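Colleague: generate a structure from the sequence data that follows.
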Amino acid sequence: MILQRRLQLAAGRTEVQWMTTALKVAFATSDMRHVDQHFGAAQAFALYAVTPQQARFIAAVAFSELTMDGNEAKLSAKIDALHECIAVYSQAVGASAIGQLRAAGIQPVKVASGSDIRELIAALQLELRQGPVGWLAKAIVGPMPANPARFDEMEAQGWEE
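Modeller: Residues are numbered from 1 along each chain as shown. Down below sits the predicted model:
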């Protein structure tokens, strides 16, 4: 899987500042308007920066090899291209890709084929305004570091059989 091209919009000083607080999400698409691609065979991804009030298209990423041949090595190029994203929306995603995406901190989101990207962004913004839950809340907070004292209270209570 070869990254064929990445087109990214240039950002001014105020946009750069805005981009640091915006969540980045990707959409597997062939037309930049609808989610209509399987993650593993996606020919392109549209990347957006999203806040509760705004959403901006920030990049398009295109790939050259599109066959669904079970070759999992091709997934790494796609995951690398989406490294800034907290989520990727696609019409389907395989089990191996799910594991690799989650390991990279990217939440795979399966949606119906032909879903309108603008509507998905609007739903994401609504959830951000109302208070995110589920995967979105986890993505915003980030991974929780392991607390070495997390079992101390249970140990103090003792163990009886």
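Colleague: tell me what the longest strand along the chain is packed against?
Modeller: The longest strand of the chain (DSSP state E) is strand 55-63. Applying 3 or more C-beta pairs under 8 Å, 6 or more residues apart in numbering; DSSP states H and E, we find strand 55-63 packed against strand 3-8, strand 44-50, helix 73-81. C-beta coordinates here come from the backbone N, C-alpha and C atoms, glycine included.
Colleague: 10 Å - rerun?
Modeller: Here strand 55-63 touches strand 3-8, helix 13-21, strand 23-28, strand 44-50, helix 73-81, helix 117-130, going by 3 or more C-beta pairs under 10 Å, 6 or more residues apart in numbering; DSSP states H and E.
Colleague: mind listing what it pairs with, with the direction of each?
Modeller: strand 3-8 (antiparallel), strand 44-50 (antiparallel) (DSSP bridges).
Colleague: which residues belonging to the last one are considered buried?
Modeller: Within strand 44-50, the residues scored as buried using 16 or more other C-beta atoms under 10 Å are 44-50.
Colleague: need those in JSON lines with pLDDT and distance to A92, can you?
Modeller: Listed next are the buried residues of strand 44-50 as JSON lines, based on pLDDT from 0 to 100; distance: C-beta to C-beta, whole Å:
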{"residue": "A44", "pLDDT": "94", "distance to A92": "16"}
{"residue": "F45", "pLDDT": "96", "distance to A92": "15"}
{"residue": "A46", "pLDDT": "97", "distance to A92": "17"}
{"residue": "L47", "pLDDT": "97", "distance to A92": "20"}
{"residue": "Y48", "pLDDT": "96", "distance to A92": "20"}
{"residue": "A49", "pLDDT": "95", "distance to A92": "25"}
{"residue": "V50", "pLDDT": "95", "distance to A92": "23"}
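Colleague: hang on, isn't D116 packed against A46?
Modeller: No. Using C-beta atoms under 10 Å, D116 is not in contact with A46, being 11.9 Å away.
Colleague: between these two, what contacts are shared?
Modeller: The overlap between the contact sets of D116 and A46 (C-beta atoms under 10 Å, 6 or more residues apart in numbering) consists of 27, 33-35.
Colleague: buried only: go through those for me.
Modeller: 27, 34-35.
Colleague: looking at those residues, spot the one nearest H83.
Modeller: Ranked by distance to H83 (C-beta to C-beta), the buried ones among the shared contacts of D116 and A46 are led by F27 at 15.9 Å.
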